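J.: Everything below, folded, please.
(one chain, ligands or ions: 3)
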Amino acid sequence: MTTLTDYLNHVSCDAALSEVITTVTDVGKTIAQLLRKGALADILGEAGNQNVQGEDQKKLDVLANDLLLDALAQNSHCAGVASEELDHATPANVDGSLLVLFDPLDGSSNIDINMAVGTIFSILPYNRQGQASKDQDFLQPGTKQLAAGYLLYGTSTMLALTITDTVVMFSLDPDTGDYIVVEEQVQIDADTSEYSINSSNYRYWRAPMQQYIDELIAGEAGVRERDFNTRWVAAMVGDVHRILCRGGLFTYPFDTKYANKAGKLRLMYEANPMSLLIERAGGSATDAVNRILDIEPTDIHQRVPVVLGSKNEVNYVRELHLQHANKQG
Ligand code: AHG
Ligand code: MN
Ligand code: MN
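T.: Numbers count the residues shown, from 1 in each chain. Ligands and ions are numbered 1, 2, ... in the order given. A predicted model of the protein is given here:
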């Protein structure tokens, strides 16, 4: 039985990084407990406010955010936090060497219906120790991440983590409160017959994405000459978890539904940490054409189209987009 603490020691994880990961995953235990109590803990329903991105906040969005913020503020290694639910990054300890970014509660629309939700986190180096951190300090590409992971609050609570060149999966033992390693080296098959997309946005997609989904729906009778299957959890953390378990393709593509939004998902809190996990497990992650992890961020809340999962399928989507661009050009 390898616990998270054993694992961090085993891979000689830097002490500061270990402590920050432990803080985040400890808060995950508290969120998991609250979710288990559900309505009895008065965590369901609306908070009555909107976040900086104009989204209605749920009670648990605010609660999870505050729990993470408070815990990280007390961690001397944390120089600052940036969250989907905060207007600006919040400075923490000026001598800290790490910045922590998170989506405190992913899949908010699932909270009130007792379906899977999660917490996604990303850890970056802080380069101006001794001075208070600002939004600008967080604008580093995904390749700079020192660690990334998620907590999935499903039928059991699981942690997926990458700090070395592999992805490790842990399961929370509710009896001991320990995260126990259940998969030492997660690997995604290059091919898949399962895909994940919110098809109700079809009319807002670009032509190559419409063509791709048309081909999958045509199945055996179409150019792909085999049948595909759809799954949509409505929480990226659930869809990514399924892909880490059995492969697949997940996309929230570019759409024209809302002006000035390149996609729905957020680069810093969702796309970057998930892309690091997916790549380290042998998959690919793009904005349909370019690698997500290479994007130079310009805003902590920026959105990005996301196509990730089994390598050959992600490449196929890229080919369709390039072919379409060539025809246009
Ligand atoms: P969040 O709850 O943090 O705002 O994220 C929700 C995201 C993502 O997790 C999920 O894949 C997607 O939004 C669901 O979108 P639809 O409402 O279009 O299904
Ligand atoms: Mn989210
Ligand atoms: Mn969220």
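
J.: For residue 139, see how far away the residue of the stretch 101-250 of the chain found nearest ligand 3 is.
T.: Per CB to the ion, residue 103 is where the stretch 101-250 of the chain lies closest to ligand 3, at 4.4 Å. Glycine gets a C-beta too; all of them are placed from N, C-alpha and C. Distance, residue 103 to residue 139, using CB to CB, to the nearest Å: 17 Å.

J.: Just list whatever residues bridge to whatever residue of the chain ends up closest to ligand 2.
T.: Residue nearest to ligand 2 within the chain: residue 106 (3.5 Å; CB to the ion). Counting by DSSP bridges, residue 106 is bridged to residue 118.

J.: In contact with it, which residues are there?
T.: 117-120, 150, 235-237, 270 (CB atoms under 8 Å, 6 or more residues apart in numbering).

J.: let's see 10 Å
T.: Listed by CB atoms under 10 Å, 6 or more residues apart in numbering, the contact partners of residue 106 are 61, 64, 84, 116-120, 150-153, 234-238, 240, 265-266, 269-270, 274.

J.: How about the residues of the stretch 151-300 of the chain by ligand 1?
T.: Within reach of ligand 1 by CB under 6 Å from any ligand atom, the stretch 151-300 of the chain has these residues: 198, 234-236, 252, 264.

J.: Try it again at 8 Å.
T.: By the rule CB under 8 Å from any ligand atom, the part of the stretch 151-300 of the chain lying against ligand 1 is 198, 200-201, 232-239, 250, 252, 264-266, 269-270.

J.: out of the residues you listed, which are buried?
T.: By neighbour count, with 16 or more other CB atoms under 10 Å, these hold 233-239, 250, 252, 264-266, 269-270 as buried.

J.: quick one, strands of the stretch 1-150 of the chain?
T.: 46-50, 56-58, 78-83, 90-91, 98-106, 117-125, 147-153 (DSSP state E, counting those that start in this stretch).

J.: now do the stretch 151-300 of the chain
T.: Using DSSP E, counting those that start in this stretch, strands in the stretch 151-300 of the chain cover 157-162, 168-173, 178-183, 194-196, 229-230, 249-252, 284-286.

J.: And the nearest residue in space to residue 117 that is not next to it in sequence, its phi and psi?
T.: Spatial nearest neighbour of residue 117, excluding adjacent residues (CB to CB, 6 or more residues apart in numbering): residue 107 at 4.2 Å. Reported as degrees, to the nearest 10, the phi and psi values for residue 107 are phi 90, psi 40.

J.: show me the contacts for residue 107.
T.: Residue 107 touches 115-118, 120, 152-153, 233-239, counting by CB under 10 Å, 6+ apart.

J.: Next, the angle from the top helix by length along the chain to strand 98-106.
T.: Using DSSP state H to assign secondary structure, the helix with the most residues in the chain is helix 15-37. Helix 15-37 runs at 10 degrees relative to strand 98-106, counting by axes from the mean of the first three to the mean of the last three CA atoms, to 10 degrees.

J.: Can you mark which positions in helix 15-37 are buried?
T.: Residues 16-25, 27-29, 31-32, 34-35 are the ones in helix 15-37 that count as buried (16+ other CB under 10 Å).

J.: repeat for stretch 129-139
T.: Neighbour-count burial for stretch 129-139, counted by 16+ other CB under 10 Å, picks out 133, 137-139.

J.: Write out the residues of the stretch 1-150 of the chain neighbouring ligand 3.
T.: Taking CB under 5 Å from the ion as the contact definition, the stretch 1-150 of the chain meets ligand 3 at 84, 103, 105-106.

J.: mind checking the end-to-end distance for stretch 242-257?
T.: End-to-end distance of stretch 242-257: 27 Å, with CA to CA, to the nearest Å as the criterion.

J.: and what of stretch 5-16?
T.: Stretch 5-16 stretches 13 Å from its first residue to its last (CA to CA).

J.: same thing with stretch 63-82?
T.: End-to-end distance (CA to CA), stretch 63-82: 15 Å.

J.: Measure how far it is from the centre of its chain, please.
T.: Centroid displacement of stretch 63-82 relative to its chain, using CA atoms, centre = their mean, to the nearest Å, is 18 Å.

J.: and that stretch with ligand 1, contact?
T.: No: figure legend: stretch 63-82 not in contact with ligand 1 (CB under 8 Å from any ligand atom); closest approach 10.2 Å.

J.: Tell me the buried residues in that stretch?
T.: For stretch 63-82, the buried set under the neighbour-count rule, 16+ other CB under 10 Å, comprises 63-65, 67-69, 71-72, 75, 77-82.
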